[in-house]
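Novice: Sequence first, then the predicted structure:
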Amino acid sequence: MESQLMRIWPGLPNPSSGMSAAGQVSGSPAVRSRSASFGHALAGLAGGACALTLGLWMLLLNAGFRPAWNAGMPPWGHSLAGVLLLAIGGASIVWAVVRALRTARRMVLIGVAGAVTLGILGWFGWDVIRPVPAIPDGSRSASRYLADALWYLERYYVDREHVNWDMVRTAALQRAKGAQTAADTYESIREALRQAGDLHGVLLPANWRASVRPATSVHPSVPPLLRIRMPEGRRLGAGVAYVVLPARVGPPDTDVTYVLKGRQTLSALDGQATCGWIVDLRGNLGGNVWPMLDAMAPLLWEGLLGGLTMPQLGRTIHWWMVNGRASDTAVMLAIPSLQSSRVPVLNGRESPMAVLISHQTASSGEAMATVLRGRAQTRLFGESSAGMASALQSVALADGSELLITIGHDVDRHGRVYAGPLVPDERGGGDMDTADTSDTVRQAQRWLSSQCSAR
């Protein structure tokens, strides 16, 4: 009977012969080879994933950049190492997948297809069925929108450890009572920012970019933060050069103009700055810090400028100056740019500097002050700054609005954290006058003259 079954179903295993369904003896060289091949594929997959992860960390998170820089490695060397790790990791993963498919093709394909399907279903389905705190008399969509905003705030806010989040969420739900749309929750979200203590954060509506039109006009109807201004300067006499570094706002295509104008101003005044420089940040409300740093590159140093500390995420991002270009990304430092090709060499690079600040020096303006404070023979004059020496994390919400959350505090090159207003080394009257007769300008000029006499 058994021989007849074998003739009808030739692939049926024969228990008495110790044969597998594939006609191979268990433990035969072919079976062992297949098992070893699959093990090699798993090892290749693991090794490739590690190399790929390390490469991404190097290129995106600057892993290892600081010790590499201290060891004398150029930025392009660090970036090249990251790219090589990416290539090795990617090649290893491809090799492992191909090898796995050859040995267990059907099992691997079914597993991959199942994982992708479950991932897609989970991604789209969870948002529909997930439980969210309900707004009293409000719609589910509005409740979900408010819950998302509060989740991001709790996740990213730099001082989250000092906030009673249960109280913030309860108050936000009550304030949004009856909300039916996302826009109905805006004021509740803004008040949650204030209640959490995030005075730098803000919620911008979906159409805010269309309503903002930066202009060079100084008409009173145009807010100061939205006026496009370029660096400017003049000679004050007695060997002192005066430079105004304004906020950097406006279209990105004007960044290069800002940088070149700043460097041209410094070059033109270099011969006059025999005693030192006055850099006026009193009206600098912030904006994009990188063009400001690049514009001041002729008076800065190569290497670590400062950074941003994010204790809630356990991270610190460093700002670097390499070949006249400032960035917090190692890859950007390795790529030549228009700015870095036109860095003038100044005779007054090491001259003393007086930095003027006021209550209107905020955000990136304060970041510039912390960097300049790291120079030798540099002092701050004026009044305490706005207390927003921090960076914002932009989060896109479901309706297209942007929630900006304070994600980190500025740190200088020596590791000092600025979690509040910058206090000047020498207090002035707090005036905003840029004329030579300004009390603050005169105070700074007297200090520079004393430094000049001492040399």
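Specialist: Okay, I see it.
Novice: What is the biggest strand by length in the chain packed up against?
Specialist: In terms of residue count, the longest strand belonging to the chain (DSSP state E) is strand 402-412. Counting contacts by 3 or more C-beta pairs under 8 Å, 6 or more residues apart in numbering; DSSP states H and E, strand 402-412 is packed against helix 140-156, strand 202-204, strand 303-310, helix 364-372, strand 390-396, strand 417-418. Yep, even glycine has a C-beta here, placed from its N, CA and C like the rest.
Novice: Can you list the strands that it pairs with?
Specialist: With DSSP bridges as the test, strand 402-412 is paired with strand 202-204 (antiparallel), strand 303-310 (antiparallel), strand 390-396 (antiparallel), strand 417-418 (antiparallel).
Novice: Pull the distance from it to the chain's centre.
Specialist: Once both centres are worked out by C-alpha atoms, centre = their mean, to the nearest Å, strand 402-412 turns out to sit 9 Å from its chain's centre.
Novice: I'd say residue 85 and residue 52 touch.
Specialist: Yes - in this structure residue 85 lies within contact range of residue 52 using C-beta atoms under 8 Å: 7.2 Å.
Novice: Of the strands paired with strand 402-412, give the one that comes closest to residue 115.
Specialist: Nearest of the strands paired with strand 402-412 to residue 115, taken as C-beta to C-beta: strand 390-396 at 27.3 Å.
Novice: quick one: the strands in the stretch 1-150 of the chain?
Specialist: For the stretch 1-150 of the chain, applying DSSP state E, counting those that start in this stretch gives no strands.
Novice: where does it have low pLDDT?
Specialist: The stretch 1-150 of the chain contains residues with pLDDT under 70 at 1-38, 69, 101-110, 112-113, 120-130.
Novice: all helices of it, in order?
Specialist: Under the criterion DSSP state H, counting those that start in this stretch, the stretch 1-150 of the chain contains helices at 2-8, 29-60, 65-70, 75-129, 140-156.
Novice: Does anything pack onto the shortest one? Which helices or strands?
Specialist: In this structure, helix 65-70 packs against helix 75-129, strand 303-310, strand 315-322, with contacts taken as 3+ C-beta pairs under 8 Å, 6+ apart.
Novice: Let me know the angle separating the last one from strand 402-412.
Specialist: Between the axes of strand 315-322 and strand 402-412, defined by axes from the mean of the first three to the mean of the last three C-alpha atoms, to 10 degrees, the angle is 70 degrees.
Novice: Buried residues in strand 315-322, which are they?
Specialist: 317-322 (16 or more other C-beta atoms under 10 Å).
Novice: Of all pairs in these, which one spans the longest distance?
Specialist: Among these, 317 and 322 lie farthest apart (C-beta to C-beta), at 15.5 Å.
Novice: returning to what we had before: want to try a markdown table for the helices and strands packed on strand 402-412, with distance to residue 410 and mean neighbour count as columns?
Specialist: Conversion of the helices and strands packed on strand 402-412 to a markdown table gives the following (distance: least, C-beta to C-beta, whole Å; neighbours: other C-beta atoms under 10 Å):
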| stretch | distance to residue 410 | mean neighbour count |
| --- | --- | --- |
| helix 140-156 | 16 | 20 |
| strand 202-204 | 18 | 18 |
| strand 303-310 | 6 | 21 |
| helix 364-372 | 5 | 27 |
| strand 390-396 | 6 | 18 |
| strand 417-418 | 5 | 20 |
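Novice: And the strands in the stretch 201-350 of the chain, which stretches?
Specialist: Taking DSSP E, counting those that start in this stretch as the criterion, the stretch 201-350 of the chain carries its strands at 202-204, 232-237, 240-244, 276-280, 303-310, 315-322, 325-327.
Novice: mind listing what residue 255 touches?
Specialist: Residue 255 is in contact with 248, 288, 290-291, counting by C-beta atoms under 8 Å, 6 or more residues apart in numbering.
Novice: Any of the residues you listed buried? List them.
Specialist: For those, buried by 16+ other C-beta under 10 Å: 248, 290-291.
Novice: wait, doesn't residue 47 sit right on residue 92?
Specialist: Yes - between residue 47 and residue 92 a contact is recorded at 5.5 Å, counting by C-beta under 8 Å.
Novice: These two: which is more packed in?
Specialist: Comparing residue 47 with residue 92 by other C-beta atoms under 10 Å, the one with more neighbours is residue 92, at 20 against 15.
Novice: Next up, the contacts around the closest residue in space to that one that isn't next to it in sequence.
Specialist: For residue 92, ignoring the flanking residues on the chain, the nearest one in space by C-beta to C-beta, 6 or more residues apart in numbering is residue 48 at 3.0 Å. Applying C-beta under 8 Å, 6+ apart to residue 48 gives the contacts 88-93, 95-96.
Novice: Just give me the neighbour total for residue 186.
Specialist: With other C-beta under 10 Å as criterion, residue 186 counts 21.
Novice: Pretty sure it sits in a helix.
Specialist: Yes - assessed with DSSP: H, G, I helix; E, B strand; the rest coil, residue 186 lies in a helix.
Novice: Now render the contacts of residue 48 as CSV, adding distance to residue 401.
Specialist: As requested, the contacts of residue 48 are exported to CSV (distance: C-beta to C-beta, whole Å):
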residue, distance to residue 401
88, 42
89, 38
90, 37
91, 42
92, 42
93, 38
95, 45
96, 43
